[in-house]
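> fold the following.
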Amino acid sequence: MSRILGIDLGTTNSVMSVMEKNGPFVVPNSLGERLTPSVVGFSKSGEVLVGKKAKRGAIMNVGRTVFSIKRQMGTNHRIRIEGREYTPQEISAMILQKMKSDAEDYFGEEITQAVVTVPAYFTDTQRAATKDAGEIAGLHVRRVIDEPTAAALAYGLDSKKDQTLMVYDLGGGTFDVSIIEVHSGVFQVLAIAGNNLLGGDDFDERVAKYLVDMFREQHGEDLSQDPIAMQRLREAAEEAKIELSELKETHVLVEAIMMTDAGPLTLDTTLTREKFEELTKDLVEMTLPPMEKALKDSKLKIGDIDTVLLVGGSTRTPAVQRIVREFTGKNASRDISPEEVVAMGAAVQTLVLAPLDGDIEQTLAQKYNREKPVIIHMTPFSLGVGLQGDQFSPVIERNSTYPTEGKDIFTTTRDFQEAISFPIYEGEETTASENTFLDLLRIEGITPAPKGVPRIEVTFRLNPDRILEVTAEDLATGVSKKVVVEATGERLNESDKNRMIREAKERVSRMLRSKISESRHEEARNMLERAQATLSALGGDHSMSAELKAMADRLRDAIDEGDESLLDDTIDDLLRLLAEIEASA
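Residues are numbered from 1 along each chain as shown. Have a look, this model is predicted:
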């Protein structure tokens, strides 16, 4: 069976991993690096750039480069580039497609399946959008799992003791905290809380705004309206943030960031860790209420937490580590890289989905004293129906483990009513319309009766893949209606999805042709070096020197002009000539 790729589709960086004999293995990308920036750029020539190449070119490609698309998943947000609109699913698919291609190049085999992680606080609509992105990229997404749960899998698999974990996950765009109990290979999520609009991007923006203010003080000029200058400032802000995780202060120098009649202006300032913590103090403190909420929902005391895991690159920030230590009274585990642990856990999850290789199964049994891990998931939001007066009535409460089932009895609000509609929502607001609308269930054929008399039983069933099935039944007549909820909020229709899949396949074909072209050009350059070395060895008086020189010049012209046909013919002719020369030597 082909490999299943575990992917952490991150806001700032993405990571991929597979399960090997000795545990999860982080797969390097085409540059040999373990982290792939979650950045997509569109060159003026129409080429799609992904990862480091896109990030490096962002300054000169402002308006054509997309950052932090994960924050827009499951929304109606659109990215407009050169008159064309792209959905968050399409942009995310380009990142996934890049990772799929790099993994295939690394292993030399096709990869068609994946487990993709999402923030624990993602809604069903956001999860469905993530799954759509995988499908567009040519991946069958076998499971979408929570990032904190994945981190616990990566950590807990390598630990034989039972324990209760608090996973504090502060990534580039989202924040989650989960309480997870590990017992004899069973990972049970006890509570989830978080904020989908809090992450490292917000820290960067605070620093960038500070740098704008500093420049205004130094030069009396406003950089905030200059897109290229702001992109350079954001990069400087991110670099400063990273450096301040290790240093007490850092020098921020952005040369020639603005051109004036008097000449170029440079931003030159020092940022201390103390100032950085002052700028971001409220952001760090915003992680406290979710920690308190998760602990309360788990019905545990802080002393019941055995291990604290820090997940996400933003947890390298000293102030973040300090607030977690003050809240829990414990130093967080540093056994696994916070940027890689989620992808590693996704790889562990693949063990549940596919038959184990014999060597891997034996190693797991010996090393970890267990076989496949068992995960008991939890829904982070309540699921229920909207009632008269826009009231929300939960049927499955948040933090319920699933698979699960919930039931409630409802009735009519008008005399002799023969039909009733139940709008289905996800969320915690008492006002139904302030929650996320999922679907509408309408039951008809109710026996006419005075209002309040009919008894309509509504049943919510949440299966292991977090697919919700809702049934309404008139208990008097047995008439029932069922709907399978698939997070219809901002999902793609089949026509759009099929179009995106076709376009993604075309990008793969173009990329493959480009790789072949690059390979052919590399071969041509090697042939040219060989011809020049042979010319030097022959000297100018050899009978074949003139012909060899002419052919070498022809090959050089073909390389410079990018003439593929001439390139192929010349390489073949040159190979024959070199063979003749070597045979006559």
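
> give the residue spans of the stretch 301-450 of the chain that score low on pLDDT.
Low-confidence segments of the stretch 301-450 of the chain (pLDDT under 70): 354-373.

> what helix or strand is the closest residue to Phe437 other than its chain neighbours located in?
Nearest non-adjacent residue to Phe437, counting by CB to CB, 6 or more residues apart in numbering: Tyr425, 5.9 Å away. C-betas here are computed from N, CA, C, even on glycine. Applying DSSP states H and E as the criterion places Tyr425 in strand 419-426.

> please apply the same query to Ile581.
Secondary structure assignment for Ile581, by DSSP H and E: helix 564-584.

> remind me what that helix packs against, helices and strands.
helix 494-538, helix 545-561 (3 or more CB pairs under 8 Å, 6 or more residues apart in numbering; DSSP states H and E).

> lowest average pLDDT across those?
Here the lowest mean pLDDT among those goes to helix 494-538, at a mean of 68.

> where along the stretch 301-450 of the chain do the strands fall?
Applying DSSP state E, counting those that start in this stretch to the stretch 301-450 of the chain gives strands spanning 307-311, 374-379, 383-387, 391-396, 400-402, 404-410, 419-426, 436-444.

> residues of the second one that come out buried?
Along strand 374-379, the positions that meet the burial threshold by neighbour count (16 or more other CB atoms under 10 Å) are Ile375, Ile376, His377, Met378, Thr379.

> quick one on the thing from earlier: what mean pLDDT would you report for the helix holding Ile581?
Regarding helix 564-584, the rounded mean pLDDT is 75.

> got the angle for it vs helix 545-561?
Angle, helix 564-584 to helix 545-561, by axes from the mean of the first three to the mean of the last three CA atoms, to 10 degrees: 150 degrees.

> quick check: next helix or strand after whatever helix or strand Met230 lives in?
Element membership of Met230 [criterion: DSSP H and E] is helix 227-243. Proceeding N to C from helix 227-243, the next assigned helix or strand is strand 249-260, under DSSP H and E.

> export only the CA atoms of that following strand, formatted as CSV.
Coordinates of each C-alpha in strand 249-260 appear next as CSV, following Å, rounded to 0.1, in the frame of the first residue of the first chain:
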residue,chain,number,x,y,z
GLU,A,249,17.8,43.2,21.8
THR,A,250,18.1,43.2,18.0
HIS,A,251,19.2,45.8,15.4
VAL,A,252,16.5,46.5,12.8
LEU,A,253,18.0,47.9,9.6
VAL,A,254,16.0,48.3,6.4
GLU,A,255,18.0,50.2,3.9
ALA,A,256,16.6,52.5,1.2
ILE,A,257,13.0,51.8,2.3
MET,A,258,11.8,55.1,0.9
MET,A,259,13.0,57.2,-2.0
THR,A,260,12.7,61.0,-1.7
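
> ok, and what's touching the helix or strand following it?
Going down the chain from strand 249-260, the next helix or strand is strand 263-272, by DSSP H and E. Residues outside strand 263-272 that contact it (CB atoms under 8 Å, 6 or more residues apart in numbering) are 207, 210-211, 214-215, 218-219, 221, 233, 236, 240, 244, 248-259.

> just how off-centre is strand 263-272 within its chain?
With CA atoms, centre = their mean, to the nearest Å as the basis, strand 263-272 stands 34 Å off its chain's centre.

> okay, angle between the helix or strand just after it and strand 263-272 too, please.
For strand 263-272, the following helix or strand on the C-terminal side (DSSP H and E) is helix 273-285. Interaxial angle, helix 273-285 versus strand 263-272 (the same axes, to 10 degrees): 70 degrees.

> return helix 273-285 as CSV; C-alpha atoms alone will do.
Extracted as CSV, the C-alpha positions of helix 273-285 are listed here (Å, rounded to 0.1, in the frame of the first residue of the first chain):
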residue,chain,number,x,y,z
ARG,A,273,12.8,42.3,24.1
GLU,A,274,11.3,44.5,26.8
LYS,A,275,9.7,46.7,24.2
PHE,A,276,8.6,43.7,22.2
GLU,A,277,6.9,42.3,25.2
GLU,A,278,5.2,45.6,26.0
LEU,A,279,3.9,45.8,22.4
THR,A,280,2.5,42.3,22.5
LYS,A,281,1.5,42.0,26.2
ASP,A,282,-2.2,41.9,25.5
LEU,A,283,-1.8,39.2,22.8
VAL,A,284,0.0,36.9,25.2
GLU,A,285,-2.6,37.5,27.9
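
> what's in contact with that helix?
By CB under 8 Å, 6+ apart, the residues outside helix 273-285 that reach it are 198, 202-203, 206-207, 210, 240-241, 244, 247-249, 317-320, 323.

> now list the buried members of these.
Buried members of those, counted by 16+ other CB under 10 Å: 198, 202-203, 206-207, 210, 240-241, 244, 317, 319-320, 323.

> please flag which of those residues sit within helices.
If you go by DSSP state H, the buried ones among the contacts of helix 273-285 have Asp202, Phe203, Arg206, Val207, Tyr210, Ala240, Lys241, Ala319, Val320, Ile323 in helices.

> coming back round to it: pLDDT on the helix holding Met230, on average?
Mean per-residue pLDDT for helix 227-243: 92.

> may I see the buried residues of it?
Neighbour counts over helix 227-243 (16+ other CB under 10 Å) mark 228-238, 240-243 as buried.

> now do the helices in the stretch 51-200 of the chain.
Taking DSSP state H, counting those that start in this stretch to define them, one finds helices in the stretch 51-200 of the chain at 52-56, 88-107, 124-136, 147-156, 200-219.

> quick one: buried residues of the shortest one?
Along helix 52-56, these residues count as buried under the neighbour rule (16+ other CB under 10 Å): Lys52, Lys53, Ala54, Lys55.

> one step back: to the chain's geometric centre, what's the distance from the helix holding Met230?
With CA atoms, centre = their mean as the basis, helix 227-243 stands 22 Å off its chain's centre.

> which residues touch that helix?
So helix 227-243 is contacted by 58-59, 62-63, 65, 200, 203-205, 207-208, 211-212, 223-224, 250, 252, 254, 257-258, 267, 271, 276, 316-317 (CB under 8 Å, 6+ apart).

> report the inter-axis angle for that helix versus helix 200-219.
Using the same axes, to 10 degrees: helix 227-243 against helix 200-219 is 110 degrees.

> going forward, the N-terminal residue is numbered 58.
Sure thing, new numbering starts at 58, so read that last one as helix 284-300.

> send the alpha carbons of helix 284-300 over as CSV?
Only the C-alpha atoms of helix 284-300 are listed here, as CSV (Å, rounded to 0.1, in the frame of the first residue of the first chain):
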residue,chain,number,x,y,z
PRO,A,284,2.8,48.2,-0.1
ILE,A,285,6.4,47.3,-1.0
ALA,A,286,7.8,49.2,2.1
MET,A,287,5.2,47.4,4.3
GLN,A,288,6.2,44.0,3.0
ARG,A,289,9.8,44.7,3.8
LEU,A,290,8.8,45.9,7.3
ARG,A,291,6.7,42.8,7.9
GLU,A,292,9.7,40.6,7.0
ALA,A,293,11.9,42.7,9.3
ALA,A,294,9.4,42.4,12.1
GLU,A,295,9.2,38.6,11.8
GLU,A,296,13.0,38.4,11.8
ALA,A,297,13.2,40.7,14.9
LYS,A,298,10.6,38.6,16.7
ILE,A,299,12.5,35.4,16.1
GLU,A,300,15.8,36.9,17.1
